[in-house]
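Novice: prediction below, plus the sequence it came from.
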Amino acid sequence: MELILKEREIENEFNTMMNRFGSVFYSEKGFSNAQNYIKGLLGPVERKNGWQLAEYLCDSTPYKIQHFLYSGEFSADELRDRAREYVEEKLGCEDGVMVVDDTGFIKQGTKARVKQVIMRSKTSI
């Protein structure tokens, strides 16, 4: 019973968050694709690539997600601002500092395909 309540709370919070972002997307289809993409990222999918996200979302191909990422029409600035406000409300404190590290992980391996991957940066503060 407690697990069901927790799932409902998570679903309610997800819907609240997405409703805050709704008007950032210029079409209902774009908003729906954004919801699905975020559900996929938050879901239990081990590898967050197009094909595995599509499978998790019960799509036969990753084309919807790819189209959303490459050609989706939305205001990136407004989305950033609303996301920042949301995070501030939920996690922020008066003297808090937010640090974003987009360096990911350093690719390692001996296969040619692995060596060809170029990381954005390899720095630390």
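Specialist: Here it is on my side, so go on. Numbering: from 1, shown residues only.

Novice: list the buried residues of stretch 49-60.
Specialist: 50, 53-54, 56-57, 59 (16 or more other Cβ atoms under 10 Å). The way it works is simple: take the backbone N, C-alpha and C, and place the C-beta from them, glycine included.

Novice: make TSV out of the residues you listed and add pLDDT.
Specialist: Listed next are these as TSV, based on pLDDT from 0 to 100:
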residue	pLDDT
Gly50	90
Leu53	93
Ala54	93
Tyr56	94
Leu57	93
Asp59	93
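
Novice: narrow those to those in helices?
Specialist: 50, 53-54, 56 (DSSP state H).

Novice: between those residues, which is closest to Val97?
Specialist: Leu53 (31.7 Å; Cβ to Cβ).

Novice: just to check, that closest one is in contact with Val45?
Specialist: Yes: assessed by Cβ atoms under 8 Å, Leu53 is found in contact with Val45 at 6.1 Å.

Novice: and which of the buried residues of stretch 49-60 is nearest to Glu7?
Specialist: Taking Cβ to Cβ as the measure, Glu7 lies nearest Tyr56 of those, at 16.5 Å.

Novice: give the contact list for that closest one.
Specialist: Contacts for Tyr56 (Cβ atoms under 8 Å, 6 or more residues apart in numbering) come out as 40, 43-45.
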